[in-house]
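1. the following comprises the amino acid sequence and a computationally predicted model.
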Amino acid sequence: MQTTKTINKDQRIFGALTDKVSDYGQLVKFKLNITVVFSAVMAYMIAFEGTAPWIGVIVLGLGGFLVTAAANTLNQVLERDYDKLMKRTENRPLATGRMSVSEAVIVAGVTCLLGTALLSMFNAWTGLLGMISMVLYAFVYTPMKRISPTAVAIGAVPGALPLMIGCVAAQGGMTTLAVVLFGLQFLWQFPHFWAIAWMGDADYKNAGFNLLPSKDATLDSSVGGQSMIYALCLIPVGILPYWLGVTGITSAIIVTIASIAYTGFSWNLYKKCTREAALKLMFSSFFWLPIVLFALYFDKL
């Protein structure tokens, strides 16, 4: 009997621990966070002259993860009441009350300090850019989402800073390549995010978020049209690493082909204005970024 009680107690403790880990994973948006770390690390490896040291990759990845965790946590603290109104976010720990605001703020403070300290080990620029990214995302982009669709442009800045941070960490300061890599991810985000916003438009509207450049995406082709313009701009920007002498012609060709395909999916949304077209554009965006970053890395000169 005592053994059974002990087992049950251990199961409850393990279950509570598992639930807590899951809540923290949702709080820092673990999956999204990993994509941010991926971008920063790839930029670091692309920009580093020769083979990037693993210790640098680890420090950059951990620092980027912690700073992004702080930004995502503060985002949920500020939006906890609005998260309750959307199906995609109603089960978040702050929205349900499973976690207190004070606990989340402590998490944000600790991860911010540790992450900034790790990024600053490379140089002052990386620490500063990490802090700027967190502030813009949490305190400018987050409240702007309920005011104007320009929030997407504002959010694209911290969204693109990981590539710049990775490049600056490798090269020791702000360089032309850092600006080019920033530009690539900045432009890529518009079709990517608008496709996601198109898919969840009704849910976003329940919380009062204004994220699309049109009031009724199903009747207005401007979402696809503007996505197409940003996708087209990726072609000349994607050729710049070759023009700078950082990569070879092979990556320039791959980036061009990928961007043409990305433009094609945007054009499809422009012509059809359907959920299926938005879904295809969204999935194409998931492939574009890793294809381009791997192409640039493996084609380093």
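-> On my side now, so go ahead.
2. OK, contacts around residue 43?
-> 162, 163, 164, 165, 166, 167, 170, 178, 181, 293 (Cβ atoms under 8 Å, 6 or more residues apart in numbering). For the C-beta atoms, the positions are set from N, CA and C on the backbone; glycine is no exception.
3. quick check: closest non-adjacent residue to the fifth one.
-> Spatial nearest neighbour of residue 166, excluding adjacent residues (Cβ to Cβ, 6 or more residues apart in numbering): residue 43 at 3.0 Å.
4. any idea how far the one you found is from residue 151?
-> Per Cβ to Cβ, to the nearest Å, residue 43 is found 25 Å from residue 151.
5. returning to that earlier point: any idea which of the contacts of residue 43 is closest to residue 99?
-> residue 162 (26.2 Å; Cβ to Cβ).
6. confidence score at the closest one?
-> In this model, residue 162 is scored at 96, pLDDT.
7. after the one helix or strand it maps to, which helix or strand is next?
-> Residue 162 is located in helix 151-171, with elements delineated by DSSP states H and E. Using DSSP H and E, the helix or strand that directly follows helix 151-171 along the chain is helix 176-199.
8. what helices and strands are in contact with that next one?
-> On a contact count with 3 or more Cβ pairs under 8 Å, 6 or more residues apart in numbering; DSSP states H and E, helix 176-199 meets helix 30-47, helix 151-171, helix 222-243, helix 249-272, helix 275-298.
9. following the first one, which helix or strand shows up next?
-> Counting by DSSP H and E, the element after helix 30-47 in chain order, helix or strand, is helix 54-78.
10. measure the closest residue in space to residue 143 that isn't next to it in sequence to residue 142 for me?
-> Leaving aside its sequence neighbours, residue 143 sits nearest to residue 78 (Cβ to Cβ, 6+ apart; 7.0 Å). Residue 78 sits 5 Å away from residue 142, going by Cβ to Cβ.
11. higher neighbour count, these two?
-> residue 142 (21 against 16; other Cβ atoms under 10 Å).
12. helix/strand/coil for the more buried one?
-> Secondary structure assignment for residue 142 (DSSP: H, G, I helix; E, B strand; the rest coil): helix.
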